[in-house]
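Asker: whatever this is, show me its structure:
(one chain, ligands or ions: 1)
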Amino acid sequence: MVIEGKILIVDDDQDILTAGKLLLKRHFSQVMICNSPANIPKLMSENSFDAVLLDMNFSPGESSGAQGYNWLKKILEIAPQTVVVLITAHGGIDVAVEAMKLGATDFVAKPWQNEKLVATLTAAVLLGKTRNEATELRHTNQLLAQNTNNTQQQPLLAKSSVMQQVHSLIERSAPTDANVLILGENGTGKELVARELHRQSLRADHVFMSVDLGAMSETLFESELFGHKKGSFTGANEDRVGRLQAANGGTLFLDEIGNLPLHLQAKLLTILEQRIVTPLGTNKAIAFDVRVIAATNIPKQDLNDGSRFRQDLLFRLNTVEITLPPLRDRIADIKPIANHYIAFYSRKYKKPEKTISADALHIIKHYAWPGNVRALRHAIERAIILSESEQLSVDDFQLSHLVQTSTTSEPAVQIAKETAELNLDKIEKLTIETALKQYRYNISHTAKALGLTRAALYRRMEKHGL
Ligand SMILES: Nc1ncnc2c1ncn2[C@@H]1O[C@H](COP(=O)(O)OP(=O)(O)OP(=O)(O)O)[C@@H](O)[C@H]1O
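Answerer: As a prediction, this is how the structure comes out:
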């Protein structure tokens with residue numbers, strides 16, 4: 001059977017090269033030979049070898065192995081995953097041991113026994129293929145991470161002085177590995193800030209892994225974070241890698257951390273302290289290296305309440321704290337954000353780029369935006385879809401139903417009086433509105449109270465313009 005694999009034999013003795021090639025060609029799909037080690041870098045730049053069979057001495061009378069050590073180092077510098085098998089002179093065990101300390105995988109003594117050489121190279125090729133695949137996967141992962149970071153992320157627009165300070169905090173803390181806690185109401189841009197921290201960090205080429213901790217059961221928490229073995233609990237139909245392991249080398253974004261029940265907070269603290277996880281159904285501990293960014297919409301005073309949130313976990317998470325003010329407290333940001341999304345959605349829906357009328361701008365600047373930037377973004381998307389003229393007007397924003405809760409004195413938006421109609425759509429909207437107010441716009445809690453998922457609640461909020 002011929003094994004799929006590419007081998008390079010490097011030796012200054014033409015007879016060895018010929019004999020080696022003749023033998024190995026019968027067992028491996030590709031065998032290349034090279035009689036001068038100086039050609040190794042060029043050959044390696046043009047080929048990906050699964051194994052390299054390397055002689056240790058390249059000058060007549062030379063037996064110290066020094067040349068072999070140097071070429072071994074050079075090969076591993078060019079491609080650290082290369083599997084190198086050395087050809088040592090008979091009795092040159094010391095040389096082989098030294099070379100293996102330097103990173104060689106195995107050795108064969110000269111003159112070799114054919115069977116032994118084929119067996120050694122079969123193991124080497126299989127190892128080399130695995131290492132090459134792992135390297136390829138790592139590169140693909142890096143590319144995917146870069147691609148995700150570059151293409152999907154919206155810029156974090158900020159004109160207000162308070163958001164300029166946020167930018168400065170991001171710039172200063174991003175390149176450090178410090179844990180960051182981001183506070184702010186729903187839709188204020190916490191995830192965007194977390195992604196920006198990752199993008200500006202030294203881990204930017206690795207994964208940004210988000211975990212929504214809102215409303216997670218204990219089993220789900222463990223299987224999501226630690227991973228599991230098939231059959232370790234009902235429903236575990238296949239092996240699954242945990243998110244902590246998958247995020248290795250990158251950033252772990254723990255969203256809705258404030259909603260985690262106390263007993264799971266204790267578990268999370270232990271994991272973050274030990275930096276080791278054991279997937280469910282195994283007893284294999286796996287180390288992971290992640291930078292932790294956490295976010296919550298729970299107000300700071302509630303987080304400081306030890307009966308609700310473990311203070312030791314809080315201190316572990318908040319080395320740096322970034323607070324995002326609600327949009328109503330940074331009116332200077334509304335115009336640039338609105339203009340950005342007007343251009344964005346005009347392009348997306350293939351409409352000529354629109355502008356916004358002075359009246360409409362005035363109104364959106366003084367609306368309280370309980371759903372913050374997310375709600376503003378949705379309002380603009382809807383306006384772009386509905387508008388038939390070049391300029392977005394007050395009507396395009398359908399603001400008549402919005403409740404003015406702004407602290408500013410300007411009565412910009414009329415409060416709509418809800419009629420007592422028995423209209424299912426209206427009742428759904430009123431119910432959601434009431435629940436949102438009751439739970440202070442905490443999306444997870446509102447969704448739970450209404451028996452909906454967060455995504456389903458967002459869809460309905462969008463439908464009703466909430
Ligand atoms: N400063 C900003 N500039 C541009 N877009 C923004 C800004 N802040 C938020 N957004 C947009 O608003 C939406 C909500 O932002 P994001 O998901 O980051 O908020 P969040 O605080 O994490 O929300 P939640 O608490 O509900 O998870 C996203 O579409 C994001 O792109």
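
Asker: helix, strand or coil: sort out the residue lying closest to Asn318 once chain neighbours are set aside for me.
Answerer: Distance criterion C-beta to C-beta, 6 or more residues apart in numbering; nearest residue to Asn318, sequence neighbours excluded, is Leu181 at 3.9 Å. (Glycine included, C-beta is placed from N, CA and C.) Under DSSP: H, G, I helix; E, B strand; the rest coil, Leu181 falls in the strand class.

Asker: tell me the spacing between Leu181 and His366.
Answerer: According to C-beta to C-beta, to the nearest Å, Leu181 and His366 sit 31 Å apart.

Asker: got the residues of the stretch 101-250 of the chain near the ligand?
Answerer: 154, 156-158, 184, 186-192 (C-beta under 6 Å from any ligand atom).

Asker: again, only this time at 5 Å
Answerer: 154, 156-157, 186-192 (C-beta under 5 Å from any ligand atom).

Asker: return the item of those residues having minimum pLDDT.
Answerer: pLDDT across those is lowest for Gln154, at 84.

Asker: and for the residue lying closest to it once chain neighbours are set aside, the neighbour number?
Answerer: Leaving aside its sequence neighbours, Gln154 sits nearest to Leu192 (C-beta to C-beta, 6+ apart; 6.4 Å). Number of residues near Leu192 (other C-beta atoms under 10 Å) recorded here: 17.

Asker: need the three-state assignment for Leu192.
Answerer: helix.

Asker: same question for the one 3 residues further on.
Answerer: The three-state label for Arg195, taken from three-state DSSP, comes out as helix.

Asker: mind listing what the closest residue to it other than its chain neighbours touches?
Answerer: Residue nearest to Arg195 in three dimensions, not counting chain neighbours: Gln153, with 5.4 Å by C-beta to C-beta, 6+ apart. Going by C-beta atoms under 8 Å, 6 or more residues apart in numbering, Gln153 touches 192, 195-196, 199.

Asker: and stretch 129-140, what's buried?
Answerer: 129, 131-132 (16 or more other C-beta atoms under 10 Å).

Asker: same check, this time on stretch 76-85
Answerer: Using 16+ other C-beta under 10 Å as the test for burial, stretch 76-85 gives 79, 81-85.

Asker: list every C-alpha atom in it, with coordinates, as PDB.
Answerer: Provided in PDB are the C-alpha atoms of stretch 76-85 (Å, rounded to 0.1, in the frame of the first residue of the first chain):
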ATOM      1  CA  LEU A  76      12.500  24.100  12.400                       C
ATOM      2  CA  GLU A  77      12.900  27.800  12.000                       C
ATOM      3  CA  ILE A  78      11.400  27.800   8.600                       C
ATOM      4  CA  ALA A  79       8.500  25.500   9.600                       C
ATOM      5  CA  PRO A  80       8.400  24.600  13.300                       C
ATOM      6  CA  GLN A  81       5.900  21.800  12.700                       C
ATOM      7  CA  THR A  82       8.200  19.800  10.400                       C
ATOM      8  CA  VAL A  83       8.900  16.200  11.300                       C
ATOM      9  CA  VAL A  84      12.600  15.500  10.900                       C
ATOM     10  CA  VAL A  85      14.100  12.000  11.100                       C
END
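
Asker: so, low pLDDT: which residues of the stretch 1-150 of the chain?
Answerer: 90-91, 136, 139-140, 142-150 (pLDDT under 70).

Asker: now do 90
Answerer: For the stretch 1-150 of the chain, the stretches flagged by pLDDT under 90 are 1, 44-48, 56-67, 79, 81, 87-100, 109-112, 131-150.

Asker: show me where it has its strands.
Answerer: 3-10, 28-34, 51-55, 84-88, 106-109 (DSSP state E, counting those that start in this stretch).

Asker: what is the fourth one packed up against?
Answerer: Contact here means 3 or more C-beta pairs under 8 Å, 6 or more residues apart in numbering; DSSP states H and E; on that basis strand 84-88 packs against strand 51-55, helix 66-78, helix 93-101, strand 106-109, helix 114-152.

Asker: list the buried residues in the third one.
Answerer: Pointing back at helix 93-101 there. Within helix 93-101, the residues scored as buried using 16+ other C-beta under 10 Å are 95-96, 98-99.

Asker: now that helix against strand 84-88, angle please.
Answerer: For helix 93-101 against strand 84-88, the angle by axes from the mean of the first three to the mean of the last three C-alpha atoms, to 10 degrees is 170 degrees.

Asker: which residue ranges of the stretch 251-400 of the chain form strands?
Answerer: Taking DSSP E, counting those that start in this stretch, the strands of the stretch 251-400 of the chain run over residues 251-255, 276-277, 286-287, 291-296, 320-324, 355-356, 391-392.

Asker: weakest of those by average pLDDT?
Answerer: Mean pLDDT per stretch puts strand 286-287 lowest among these, at a mean of 86.

Asker: which outside residues touch that one?
Answerer: By C-beta under 8 Å, 6+ apart, strand 286-287 touches 242, 245, 275-279.

Asker: now the two most distant members of the residues you listed.
Answerer: The span of these, defined through C-beta to C-beta, is set by Arg275 and Pro279 at 15.0 Å.

Asker: quick one: low-confidence ranges for the stretch 151-300 of the chain?
Answerer: Using pLDDT under 90, the stretch 151-300 of the chain drops low at 151-154, 205-207, 210, 212, 214-248, 277-287.

Asker: show me what the helix or strand harbouring Arg459 is packed up against.
Answerer: Assigned by DSSP states H and E, Arg459 belongs to helix 454-464. The contact analysis (3+ C-beta pairs under 8 Å, 6+ apart) places helix 454-464 against helix 372-386, helix 424-438, helix 443-450.

Asker: dump the shortest one to CSV, restricted to CA.
Answerer: Yep, that's helix 443-450 we're talking about. What follows is helix 443-450, C-alpha atoms only, in CSV (Å, rounded to 0.1, in the frame of the first residue of the first chain):
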residue,chain,number,x,y,z
ILE,A,443,-34.2,42.2,28.0
SER,A,444,-33.4,38.8,29.6
HIS,A,445,-35.8,39.4,32.5
THR,A,446,-38.6,40.8,30.3
ALA,A,447,-38.2,37.9,27.8
LYS,A,448,-38.4,35.4,30.7
ALA,A,449,-41.4,37.0,32.2
LEU,A,450,-43.2,36.9,28.8
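
Asker: of Leu181 and His366, who's got more company?
Answerer: Shown here are Leu181 and His366; by other C-beta under 10 Å, Leu181 has more neighbours (25 against 20).

Asker: ok so, going back, just name the most buried of the strands of the stretch 1-150 of the chain.
Answerer: Of all the strands of the stretch 1-150 of the chain, strand 51-55 carries the top mean neighbour count, a mean of 27, counting by mean count of other C-beta atoms under 10 Å.

Asker: so Val211 touches Arg243, yeah?
Answerer: Yes: judged on C-beta atoms under 8 Å, Val211 makes contact with Arg243 at a distance of 5.4 Å.

Asker: what sits in contact with each of the two?
Answerer: 224-225, 252.

Asker: in stretch 220-240, what counts as buried?
Answerer: Quick answer for stretch 220-240 (16+ other C-beta under 10 Å): 221-228, 232, 236, 240.
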